[in-house]
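return a 3D structure for these sequence lines:
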Amino acid sequence: MLVPRFYWRPLIPGEHDPELTWGLVLACGSALGIGWLALGLPTPLCPLHALTGVPCPTCGMTRGLRCLLHGNVEAALFFNPLLILILVGLIIYLVYCMVVVAARLPRLRWEKLPQTTALGVRIGGVMLLVANWIYLIVRERALF
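Numbers count the residues shown, from 1 in each chain. From the prediction side, this is the model:
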């Protein structure tokens, strides 16, 4: 499996700026979500869990985020361990977007991944999601 090659390049005049677009979407969505949870407004129930009793792969993320807002990292990890990994990745990406957009810096890009590498990344992501889902199912069974 080959490692992707990263490089920095400035935006081409007239080129779409994904860092600006996704940075704004992420910042606004985060502000709305955190505000919603901080105000204690109701959150929807998971339809899969409500219908079948089986947690979905992302079950517990809202409860985990509430725990993080109250400073309880251990409870957040209990509800959904993947939440911390996702939040760290989103925070890193948001900071990157803010810096390169505000300072008008060159943007980080990578060469197209070889098919075997892209397949390996996809399989790894699916395996991580499945492992998290297995944890959630086992945790759910242990609680009841």
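
can we go C-alpha only for contacts and neighbour counts from here?
Fine.

let's verify Cys59: helix, strand, or coil?
Assigned state for Cys59: coil (three-state reduction, DSSP: H, G, I helix; E, B strand; the rest coil).

tell me how many other residues crowd Pro55.
Other residues lying near Pro55 total 21 when counted by other C-alpha atoms under 10 Å.

what's the answer for Glu19, then?
19.

in the protein, which spans are strands?
With DSSP state E as the criterion, the chain has strands at 6-9, 107-110.

any idea which of those strands is most buried?
Of all the strands of the chain, strand 107-110 carries the top mean neighbour count, a mean of 13, counting by mean count of other C-alpha atoms under 10 Å.

neighbouring strands for that one, and are they parallel or not?
Paired strands of strand 107-110, with direction, are strand 6-9 (antiparallel) (DSSP bridges).

confidence score at the closest residue to Leu108 other than its chain neighbours?
Closest residue to Leu108 apart from its sequence neighbours, by C-alpha to C-alpha, 6 or more residues apart in numbering: Trp8 at 4.6 Å. What the model reports for Trp8 is a pLDDT of 92.

show me what contacts Trp8?
With contact taken as C-alpha atoms under 8 Å, 6 or more residues apart in numbering, Trp8 is in contact with 106-109.

likewise Leu11?
By C-alpha under 8 Å, 6+ apart, the residues touching Leu11 are 17, 106-107.

hang on, the earlier thing: what's the closest of the contacts of Trp8 to Phe78?
Leu108 (34.3 Å; C-alpha to C-alpha).

report the contact partners of that closest one.
By C-alpha under 8 Å, 6+ apart, the contact set of Leu108 is 6-9.

any chance of these in a markdown table, plus distance to Pro55?
A markdown table is the format used below for those (distance: C-alpha to C-alpha, whole Å):
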| residue | distance to Pro55 |
| --- | --- |
| Phe6 | 38 |
| Tyr7 | 40 |
| Trp8 | 41 |
| Arg9 | 43 |
